[in-house]
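*Asks:* Pasting the sequence and the predicted coordinates here, then a few questions.
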Amino acid sequence: MQGFYAILMLVISNIFMTCAWYGHLKLKQQFSWFEHLPLIGVILFSWFLALFEYCFQVPANRIGFRDNGGPFSLIQLKVIQEVITLIAFVGFSTVAFKGETFKWNHALAALCLVAAVYLVFKK
């Protein structure tokens with residue numbers, strides 16, 4: 001179950017991370033007050049969201065890491081996290097930014113990441 005909880009927490013963490021990194025671009029389009037926010041305000045907003053990211057990311061890595069009793073090596077955790085990041089970003093950009101399209105080369109890159117997951121778990 002530790003592996004499941006680690007992955008679930010990584011998913012939640014990456015949703016916050018994606019919103020922290022790219023959400024301000026959408027908020028700028030939707031709210032005029034946000035468009036006029038100085039850069040330091042945007043940074044503080046992103047840091048606020050990143051706090052929640054870290055509240056899930058750090059425990060996910062602790063419970064998922066083999067040396068702490070979890071099922072994953074450090075490299076496996078990182079590759080899993082990268083794949084989750086890509087999935088979260090594609091979902092976010094597709095929903096929030098209608099002008100962004102998922103093209104064949106993006107799908108091929110995602111397939112390469114899936115291959116990376118396979119390879120990192122191969123004994």
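*Replies:* Perfect, I can see it now.

*Asks:* Find the centremost residue of the chain, please.
*Replies:* Taking CA atoms, centre = their mean, the centroid of the chain lies closest to residue 14, which sits 2.7 Å from it.

*Asks:* so which strand or helix has it?
*Replies:* helix 2-30 (DSSP states H and E).

*Asks:* Would you mind identifying the next helix or strand past that helix?
*Replies:* Heading C-terminal from helix 2-30, the first helix or strand you meet, by DSSP H and E, is helix 32-35.

*Asks:* Send me that following helix as PDB with only the CA atoms.
*Replies:* Written as PDB, here are the backbone C-alpha positions of helix 32-35 (Å, rounded to 0.1, in the frame of the first residue of the first chain):
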ATOM      1  CA  SER A  32      -7.900  41.700 -15.000                       C
ATOM      2  CA  TRP A  33      -6.600  42.300 -11.400                       C
ATOM      3  CA  PHE A  34      -4.300  39.400 -11.800                       C
ATOM      4  CA  GLU A  35      -2.900  40.800 -15.100                       C
END
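
*Asks:* helices or strands next to it in the packing?
*Replies:* helix 2-30 (3 or more CB pairs under 8 Å, 6 or more residues apart in numbering; DSSP states H and E). The way it works is simple: take the backbone N, C-alpha and C, and place the C-beta from them, glycine included.

*Asks:* can you pull the buried residues of the helix it packs on?
*Replies:* Neighbour-count burial for helix 2-30 flags 2, 6-7, 9-24, 26-27 (criterion: 16 or more other CB atoms under 10 Å).

*Asks:* contacting residues for the residue nearest to the centre of the chain?
*Replies:* The contact partners of residue 14, by CB atoms under 8 Å, 6 or more residues apart in numbering, come to 53, 81, 84-85, 87-88.
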